[in-house]
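Engineer: fold the stuff below for me.
(chains A, B, C and D)
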There are 2 protein chains.
Amino acid sequence: MKALVLPAFERPEGMTTHDYAFARLRQAIMVGAFRPGTSVTIRGLAEALESSPTPVREALRQLTSIGALHFLENRRIVVPRITPARFEELISLRIVLESHAARRAVAHLSERQIDRIVAIDEAIEAAILAGEKAAALIANQQFHRQIYTANPDQIAMPLIESVWLQLGPILGIAMEHVAELYVVDRHREAIEALRRRDEDAVAEAIGADIREGIGGFDQQAIAKLLSLAG
Amino acid sequence: MKALVLPAFERPEGMTTHDYAFARLRQAIMVGAFRPGTSVTIRGLAEALESSPTPVREALRQLTSIGALHFLENRRIVVPRITPARFEELISLRIVLESHAARRAVAHLSERQIDRIVAIDEAIEAAILAGEKAAALIANQQFHRQIYTANPDQIAMPLIESVWLQLGPILGIAMEHVAELYVVDRHREAIEALRRRDEDAVAEAIGADIREGIGGFDQQAIAKLLSLAG
DNA sequence: ATTATTATTTTGTGATCACATTTTCAGAAA
DNA sequence: TTTCTGAAAATGTGATCACAAAATAATAAT
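Structural biologist: Below is the predicted model:
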């Protein structure tokens, strides 16, 4: 078992080792640093993170609870495999959850907050132009998160992030094999609908954004990506 | 801090201490054994479960990850507080998630499986007649779970169970203060729609089941229940 | 050469300890 | 009496160890 290399991560001053381990592993999964089916071990990750096993164990309990990793029957921990059918379930669930979260956020959004969302959209475009796929993915998530968290009573965000995490590994493969990830987006429509405070139009734009964005990968395309990943 | 008493739980042969701790705590939260705002400690729970702190710590990482408990800024662990607005978010998210999950399960259900769902519905009725509220709540969940898990590629179930868990503490209060919890249900309609393989009717019946069941507690009723709980 | 058995290694689990951080309590000062 | 300060207690964190369970490798039997 060769030494594991994780994407770089800046640990903030005073962050506990457990929180650092969790945040770093979560980010790595989110940007596709682990392939579907990959086994991880407590000691392997502890070594890569330069920590003792305890914080890693606790982080792994969290990551398995949010669907980012799976505990197998034999107690091994793996990055979940994905099938075209499961990909479709993830996308359809994303559409349902995020349309709903967007709809319920509309009444809470100030013009200032919408300006902030516009700025994030510009950062997405910049990342795409620069060919920085992982940065575009993260910025795209921030775009969505900024909308949904405008609702102070929202509880959908952890669920939405869990779905995003489960998409991480396949999107990681996609980022290696397709020229651009967010060719299509409907962010302009979403922003316009937000400004009009039109809940139906917002939900429609968000749903279409997902469906026509990464949801555009059909079962054949997913199967092809999975075969490319070995 | 007085000794904690947890609802009884039958530990299966060979179950690891961690799995037992997690399952028992999860169940306790689900049936409302903890009040919103209650603080729990690792050592307190370990004592109640007759284990060392390690498995409890790992279980707490899981429970906080699925929304059943919250880590506070000061590192304390509490049962989340709930407001009428949050209750409404939980219900509306339940409606969206479960209608969707039901819809996507329809194509996968055999007659044999539907028979099993009917049997569960009968068990719910029996529990209601016997005045066993917690048993009715668990059986009601099993009714729903049986439908949604018919879809072999479904991924919504962990999200749905997280929402159920977040409703646990307030439903626990409700069980103490209302005569019956599931006065209204739309299980018959759901079952009929399942037999007809009518996705729209299934989604509609499940949505109505939730909306007219526990979703019938309006903001005033929730505020009243919260004040009764202290 | 193949299969079964045994030994070794790897990996997860639970316990315990020391330490860091937060809360509570007691005593002193205003 | 109230507020402040310092000490003690409670609580979470991380490290380490031994043990249990699973996987792999080596050896023996067919």
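Engineer: now what about stretch A:92-104, what contacts it?
Structural biologist: A:144, A:147-148, A:151, A:154, A:156-157, A:159-160, A:163-164, A:167, A:190, A:199-200, A:202-204, A:206-207, A:210-211, A:215, B:89, B:92-93, B:96-97, B:100, B:104, B:155-156, B:159 (Cβ atoms under 8 Å, 6 or more residues apart in numbering or on different chains). No exception for glycine: its C-beta is placed from N, CA and C like everyone else's.
Engineer: quick one: average pLDDT of it?
Structural biologist: For stretch A:92-104, mean pLDDT rounds to 98.
Engineer: my read is that residue A:187 contacts residue A:123, right?
Structural biologist: No - between residue A:187 and residue A:123 there is no contact, the gap being 11.3 Å when judged by Cβ atoms under 8 Å.
Engineer: so for these two, which residue has more residues nearby?
Structural biologist: residue A:187 (23 against 17; other Cβ atoms under 10 Å in any protein chain shown).
Engineer: measure that one to residue A:210 for me?
Structural biologist: Residue A:187 is 11 Å from residue A:210, where distance means Cβ to Cβ, to the nearest Å.
Engineer: after whichever strand or helix holds residue A:100, next one along is what?
Structural biologist: Assigned by DSSP states H and E, residue A:100 belongs to helix A:84-105. Scanning forward in sequence from helix A:84-105 by DSSP H and E, the next helix or strand is helix A:111-129.
Engineer: next, the buried residues of that following helix.
Structural biologist: Using 16 or more other Cβ atoms under 10 Å in any protein chain shown as the test for burial, helix A:111-129 gives A:113, A:114, A:116, A:117, A:118, A:120, A:121, A:123, A:124, A:127, A:128.
Engineer: quick one, what contacts the spatially closest residue to the third one that is not a sequence neighbour?
Structural biologist: This means residue A:116. Spatial nearest neighbour of residue A:116, chain neighbours left out: residue A:146 (6.2 Å); criterion: Cβ to Cβ, 6 or more residues apart in numbering or on different chains. By Cβ under 8 Å, 6+ apart, the contact list for residue A:146 reads A:113, A:116, A:117, A:120.
Engineer: how about whichever strand or helix holds residue A:146 as PDB, C-alpha atoms only?
Structural biologist: For residue A:146, the host element (DSSP H and E) is helix A:133-148. C-alpha atoms of helix A:133-148 as PDB (Å, rounded to 0.1, in the frame of the first residue of the first chain):
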ATOM      1  CA  LYS A 133     -12.200  22.700 -13.100                       C
ATOM      2  CA  ALA A 134     -11.900  22.000  -9.400                       C
ATOM      3  CA  ALA A 135     -12.100  25.700  -8.600                       C
ATOM      4  CA  ALA A 136     -15.200  26.000 -10.900                       C
ATOM      5  CA  LEU A 137     -16.800  23.100  -9.100                       C
ATOM      6  CA  ILE A 138     -16.200  24.600  -5.700                       C
ATOM      7  CA  ALA A 139     -17.400  28.000  -6.900                       C
ATOM      8  CA  ASN A 140     -20.500  26.500  -8.500                       C
ATOM      9  CA  GLN A 141     -21.300  24.900  -5.100                       C
ATOM     10  CA  GLN A 142     -20.800  28.200  -3.400                       C
ATOM     11  CA  PHE A 143     -23.200  29.800  -5.900                       C
ATOM     12  CA  HIS A 144     -25.900  27.400  -4.900                       C
ATOM     13  CA  ARG A 145     -25.100  27.400  -1.200                       C
ATOM     14  CA  GLN A 146     -25.300  31.200  -1.100                       C
ATOM     15  CA  ILE A 147     -28.900  31.000  -2.400                       C
ATOM     16  CA  TYR A 148     -30.200  28.300  -0.200                       C
END
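Engineer: look up how far DNA strand D lies from residue A:170.
Structural biologist: 25 Å (Cβ to the nearest atom of the strand, to the nearest Å).
Engineer: that residue contacts residue A:224, doesn't it?
Structural biologist: No - the pair residue A:170 / residue A:224 is not scored as a contact, 11.5 Å apart, by Cβ under 8 Å.
Engineer: how near is the nearest residue to residue A:180 once chain neighbours are set aside to DNA strand C?
Structural biologist: Once flanking residues are discounted, residue A:180 sits nearest to residue A:128: 6.5 Å by Cβ to Cβ, 6+ apart. Noted for residue A:128: a distance of 37 Å to DNA strand C, by Cβ to the nearest atom of the strand.
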